[in-house]
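Peer 1: predicted coordinates and the sequence they were generated for:
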Amino acid sequence: MNRIVPMILAVALFMEQMDSTVISTSLPAIARDIGVGPITLKLALTAYMVALAIFIPLSGWMADRFGAKRIFRAAILVFIAGSIFCAISNSLPAFVFSRFLQGMGGAMMTPVARLVLVRGTPRSELVSAMALLTIPALVGPLAGPPLGGFITTYFSWHWIFLINVPVGIAGYILSGIYLPKMEPLDPPPVDVLGFLLGGIAASGIVFGLSVISLPALPPVVGIASVAIGLVSALLYIRHARRHPAPVLDLKLFRDNAFRAASIGGTIFRISVGAVPFLMPLMLQVGFGLNPFQSGLITFIGAVGAITTKFYARRVLAFAGFRTTLIIAAIIAAITTFANGFFTPETPYLVLITILLIAGFARSFFFTSVNALSFADIDDADASKATSMSAVLQQISLALGVAVAGAILEIETKLSGGPLQLDDFHTAFMIIAAANLIAAIPFLTMAKNAGSSVSGHRLPAREVETAAGK
């Protein structure tokens with residue numbers, strides 16, 4: 001595949017990933033303009049995640065039915081429309097609706113982009129391509145806060161959304177020129193009941209966890225929503241076992257590599273989802289920095305993420321998926337735990353070095369786990385795998401924010417006072433455990449698992465030992 005193809009896909013995903021976080025530092029300014037409180041405006045964040053959770057399961061079927069390239073380009077247009085509506089919104093309902101529309105476009109962009117890459121890339125080149133596609137997921141959440149703070153401070157919050165328009169138009173034109181044409185397949189009729197149950201399950205869990213951790217509504221609403229989501233999930237599991245072509249195919253978990261990547265990746269993303277929430281808040285509340293200053297510090301992790309693409313293929317060819325994932329998870333756990341010792345007196349060189357190493361480890365983990373997910377998946381099942389992976393990703397990221405928020409809330413209730421630096425230290429040390437636990441699913445995996453993608457080959461002595469067993 002031409003190198004420009006993953007670059008086009010990566011730019012589109014960067015736009016979607018960054019937009020999901022760029023709003024966080026601009027909430028007070030937006031709230032003032034539309035006449036509501038900043039806490040109430042958290043509903044806009046939740047609306048975005050709920051839209052992702054609802055429509056991601058449908059993205060694989062639509063890509064098969066109408067063609068992956070066509071759906072990807074349509075998703076860009078929907079995202080552009082949502083961005084324009086956000087910029088001109090003058091009331092809470094209008095803004096929440098606009099964010100939901102953006103989420104619909106984002107729900108189609110992310111999994112379909114991955115599907116285009118998997119179907120159009122030889123397995124031997126998939127690691128390099130996935131490394132490019134992984135960067136937006138890591139850089140976007142880190143670049144969002146400083147960029148949002150800068151634009152809001154020196155220009156106007158409206159430009160946060162309007163800058164998506166020229167970027168989206170460029171992506172739409174370039175994707176029409178360079179993306180390979182993918183003919184529609186003939187998938188079975190859409191699983192309507194499965195879509196409804198899956199949508200209620202995913203949106204109920206995501207919405208409920210978001211409300212609990214960021215209480216825009218009473219906590220009981222979040223608890224009830226999570227309960228409804230869990231019941232719907234159980235009903236969906238029962239339905240999927242009986243349906244010949246469920247919208248989210250649970251049979252994918254029979255594949256050892258996909259199962260390990262899904263479980264390990266989900267646990268790992270809980271920590272990753274918590275860090276962009278905790279770090280800027282700690283730097284502002286505990287260190288006394290402004291949003292723009294804190295954003296500049298957290299952005300250093302993006303440098304580590306970007307450099308990974310130059311080494312990922314060679315590292316995986318040398319060490320294989322199993323070793324790389326385990327080591328990356330351990331390093332990520334150590335660096336996340338180290339955040340629990342940061343104070344205003346910590347030298348910035350030490351702080352930045354740790355954040356750089358953390359970004360490097362997380363990027364290696366995600367590049368590896370994303371490629372491993374598709375190592376043994378047939379092209380016919382690629383759309384199902386992309387939908388399943390994307391749904392798990394959104395739920396785990398929301399869970400990360402929920403866990404981090406819950407830890408901080410418990411800490412403040414126990415201390416009986418406002419947030420303190422020690423509260424953030426405790427939260428970082430707890431979520432570091434998620435990084436470490438994420439390594440467990442890969443411990444029992446074969447050393448040469450996914451070798452057709454990684455290019456890793458066992459030494460002759462180990463091959464003979466394995467054959468003897």
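Peer 2: Great, that's in hand. Numbers count the residues shown, from 1 in each chain.

Peer 1: can you point me to the longest helix in the protein?
Peer 2: helix 382-415 (DSSP state H).

Peer 1: which helices and strands sit right next to it?
Peer 2: The contact analysis (3 or more C-beta pairs under 8 Å, 6 or more residues apart in numbering; DSSP states H and E) places helix 382-415 against helix 42-66, helix 92-120, helix 192-213, helix 256-285, helix 348-373, helix 421-437. All C-beta atoms are positioned from the backbone trio N, CA, C, and that covers glycine.

Peer 1: now the ones you listed in CSV, with distance to Ala170, mean neighbour count and mean pLDDT?
Peer 2: Below are the helices and strands packed on helix 382-415 laid out as CSV (distance: least, C-beta to C-beta, whole Å; neighbours: other C-beta atoms under 10 Å; pLDDT from 0 to 100):
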stretch, distance to Ala170, mean neighbour count, mean pLDDT
helix 42-66, 22, 24, 80
helix 92-120, 14, 24, 83
helix 192-213, 30, 23, 83
helix 256-285, 26, 23, 86
helix 348-373, 25, 23, 88
helix 421-437, 36, 20, 92
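
Peer 1: for Ala406, which of the ones you listed is the nearest?
Peer 2: helix 192-213 (6.0 Å; C-beta to C-beta).

Peer 1: tell me the mean pLDDT for the next helix or strand after the closest one?
Peer 2: Remark: after helix 192-213, the chain's next helix or strand is helix 219-242, criterion DSSP states H and E. The pLDDT scores in helix 219-242 average 91.

Peer 1: and the longest helix of the chain, how far out from the chain's middle?
Peer 2: Here the centre of helix 382-415 is set off from its chain's centre by 10 Å, with C-alpha atoms, centre = their mean, to the nearest Å.

Peer 1: that older thread, mind putting the helices and strands packed on helix 382-415 into JSON lines with distance to Ala398?
Peer 2: JSON lines is the format used below for those (distance: least, C-beta to C-beta, whole Å):
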{"stretch": "helix 42-66", "distance to Ala398": "6"}
{"stretch": "helix 92-120", "distance to Ala398": "12"}
{"stretch": "helix 192-213", "distance to Ala398": "5"}
{"stretch": "helix 256-285", "distance to Ala398": "7"}
{"stretch": "helix 348-373", "distance to Ala398": "17"}
{"stretch": "helix 421-437", "distance to Ala398": "14"}
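
Peer 1: so which of those helices is nearest Ser383?
Peer 2: The closest of the helices and strands packed on helix 382-415 to Ser383 is helix 42-66. By C-beta to C-beta, the value is 3.6 Å.

Peer 1: could you say what helices and strands the closest one packs with?
Peer 2: With contacts taken as 3+ C-beta pairs under 8 Å, 6+ apart, helix 42-66 sits against helix 68-88, helix 92-120, helix 192-213, helix 382-415.

Peer 1: closest to Phe310 out of those?
Peer 2: Phe310 lies closest, by C-beta to C-beta, to one member of the helices and strands packed on helix 42-66: helix 92-120, at 18.4 Å.

Peer 1: quick check on the nearest residue to Arg322 once chain neighbours are set aside: phi, psi?
Peer 2: Spatial nearest neighbour of Arg322, chain neighbours left out: Met445 (4.8 Å); criterion: C-beta to C-beta, 6 or more residues apart in numbering. Here is the backbone geometry of Met445 (degrees, to the nearest 10): phi -80, psi 150.

Peer 1: okay, now the domains of this structure?
Peer 2: 1-190, 252-469 (automatic domain parsing).

Peer 1: for Ile228, find the nearest of these.
Peer 2: Comparison of the domains of the chain against Ile228 by C-beta to C-beta identifies domain 1-190 as nearest, at 12.8 Å.

Peer 1: tell me how far that closest one is from the chain's mean position?
Peer 2: Relative to the mean C-alpha coordinate of its chain, domain 1-190 is positioned 12 Å out (C-alpha atoms, centre = their mean).

Peer 1: mind checking how far Ser91 is from Ile34?
Peer 2: 6 Å (C-beta to C-beta, to the nearest Å).

Peer 1: and Gly400, by the same measure?
Peer 2: Taken as C-beta to C-beta, the span from Gly400 to Ile34 is 28 Å.

Peer 1: do Thr336 as well
Peer 2: 36 Å.

Peer 1: the more surrounded of the two?
Peer 2: Between Thr336 and Ile34, counted using other C-beta atoms under 10 Å, the more crowded position is Thr336 (27 against 16).

Peer 1: pretty sure His425 sits against Phe341.
Peer 2: Yes. Taking contacts as C-beta atoms under 8 Å, His425 lies within contact range of Phe341: 7.0 Å.

Peer 1: quick one: buried residues of the helix or strand harbouring Phe161?
Peer 2: Assigned by DSSP H and E, Phe161 belongs to helix 158-162. By neighbour count on 16 or more other C-beta atoms under 10 Å, the buried set for helix 158-162 is 158, 160-162.
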